[in-house]
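Asks: I would like to see how this sequence folds:
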Amino acid sequence: MLPVKKVSKSKTRSRRAHHRLKPVNYSVCPKCGQAKLPHAACDKCGYLNSKITLKVAEQAEKG
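Replies: So this is what the prediction gives:
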């Protein structure tokens, strides 16, 4: 069966309204001040909380 009437642009766009991208919330690392994801270790210093700090290997620049 075919649709009886054309679906308007506003109907289509309001149906797809929840398909948008959601913003990423960052928090600040208390040790080095870099932006990091909440509940995750810092990419720069490896700090997670006062009990856990991960060792982060620094990449040497190839020249």
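
Asks: residues contacting the residue nearest the centre of the chain?
Replies: Taking CA atoms, centre = their mean, the centroid of the chain lies closest to residue 24, which sits 3.8 Å from it. Listed by CB atoms under 8 Å, 6 or more residues apart in numbering, the contact partners of residue 24 are residue 37. For glycine as for every other residue, the C-beta is placed from the backbone atoms N, C-alpha and C.

Asks: Name the SS class of it, please.
Replies: Classification of residue 24 by DSSP: H, G, I helix; E, B strand; the rest coil places it in coil.

Asks: For it, grab phi and psi.
Replies: In terms of degrees, to the nearest 10, the main-chain angles of residue 24 are phi -90, psi 130.

Asks: Would you quantify the distance from it to residue 3?
Replies: Using CB to CB, to the nearest Å, one obtains 38 Å as the distance from residue 24 to residue 3.

Asks: same thing with residue 31?
Replies: Per CB to CB, residue 31 is found 59 Å from residue 3.
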